[in-house]
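In: Requesting a structural model of the entry that follows:
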Amino acid sequence: MLKIFAKISMTLFLIAVPFLFYGFGGEFLKILGKFSPRDSRWLAFLAGAIVFFPCLFIARRLFLSAWSYLETLEHEITHLLIGLLFLKIPVGIRVSAHEGGEVRQRETWLGSMGQTWVALAPYFFPTLPIFVLIFAYFIDLTPKTFLAVLGWTTAFHLVTNWGETSFRQTDLQKSGILKTLLILPVMNLISYGAILAFVADEQKGFGSFWVEGVKGSFSLVSKIWQTIT
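Out: Predicted coordinates:
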C-alpha cells in the first residue's frame, strides 16, 4: 500500500513540475528585480559569496584532504537529514577525504518511501545555508555579518552541488535520469529562490516567496482548466 502511495505521490509531483516552475520561477524573477547595488543586504550577501572563491582556491591547494572531507561530510549529512523526514533511522555514517562516503539508514514503517528524495537531497537541499538561518536565531550576529556568512555557505553549496552532479553518481542513477532531470532544476530554483527571498526582505520575503510561489502554480492550473473547459 505504501509503495502504491509513494508512486502516486511522486507521479503527482512530476506532473506538477511545470506548474511549480511557473509559480516559483515568477517569484524568483521578482526577487532578482529587487536587486540593487546600493542595498547593503545584497552587498553583504554577495561579498560573502565572492570571498568563498579565494577560500576555495586556497583550500584545494593547501588543505585538499580536509576540504574534500568537508564536502563529503556535508553531502552525507544531507542524506541523513532528509532521511529523518521519512523516518529513516541512521545507524552508521562513513566519510572519507578521497573515497566518498555512505550513510546507512534503517527503514521504519514507511519502508522505502521517500528514497528518491533522500538520494537526490544533496543536489538541491542547501544544508549549510539552512543551518546558518537556524543558528541566526540563537547567535547574535550583525545583519551584514550574517548575510555574508549566508552568502559564503550558499556559494559553497552551489559550487559543490555542481561539482558533484553527474549521471555517473550512484545517487542519480538510482533515482533515474528522467526523475533527476525533472526534480533537480525545479528544486534548485525553489531552494535558491527562498534564500534570495530572505536576503531581499528577511523573514517576510522568505514567507512570501513560498506563499506566492504556490499561488502562482495554482493560478496556471486554473488558467489551463478554464481554457479547456
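In: worst-scoring helix or strand of the protein, pLDDT-wise?
Out: helix 170-175 (a mean of 72; mean pLDDT, DSSP states H and E).
In: Could I get the buried residue list for it?
Out: Across helix 170-175, burial judged by 16 or more other Cβ atoms under 10 Å covers 171-172, 175. Using the backbone N, CA and C atoms, a C-beta is placed for each residue, glycine as well.
In: From the chain's centroid, how far away is stretch 6-25?
Out: 16 Å (Cα atoms, centre = their mean, to the nearest Å).
In: other SSEs contacting the helix or strand hosting Val159?
Out: Val159 belongs to helix 143-164 when assigned by DSSP states H and E. Contact here means 3 or more Cβ pairs under 8 Å, 6 or more residues apart in numbering; DSSP states H and E; on that basis helix 143-164 packs against helix 40-62, helix 64-85, helix 127-135, helix 177-228.
In: Of all those, which one is nearest Thr145?
Out: With distances scored as Cβ to Cβ, the stretch of the helices and strands packed on helix 143-164 nearest to Thr145 is helix 40-62 (7.7 Å).
In: Mind listing what's buried along the closest one?
Out: Neighbour-count burial for helix 40-62 [16+ other Cβ under 10 Å]: 41-46, 48-49, 52, 59.
In: Tell me which other helices or strands it touches.
Out: helix 64-85, helix 143-164, helix 177-228.
In: in the chain, which ranges drop under the pLDDT threshold?
Out: 1-2, 109, 163-169 (pLDDT under 70).
In: List the contacts of stretch 182-200.
Out: 13-14, 17, 20-21, 24-25, 27-28, 31-32, 34-35, 41-42, 45, 116, 120, 123-126, 129, 133, 147, 150-151, 154, 158, 161, 165, 175, 205-206, 208-210, 213 (Cβ atoms under 8 Å, 6 or more residues apart in numbering).
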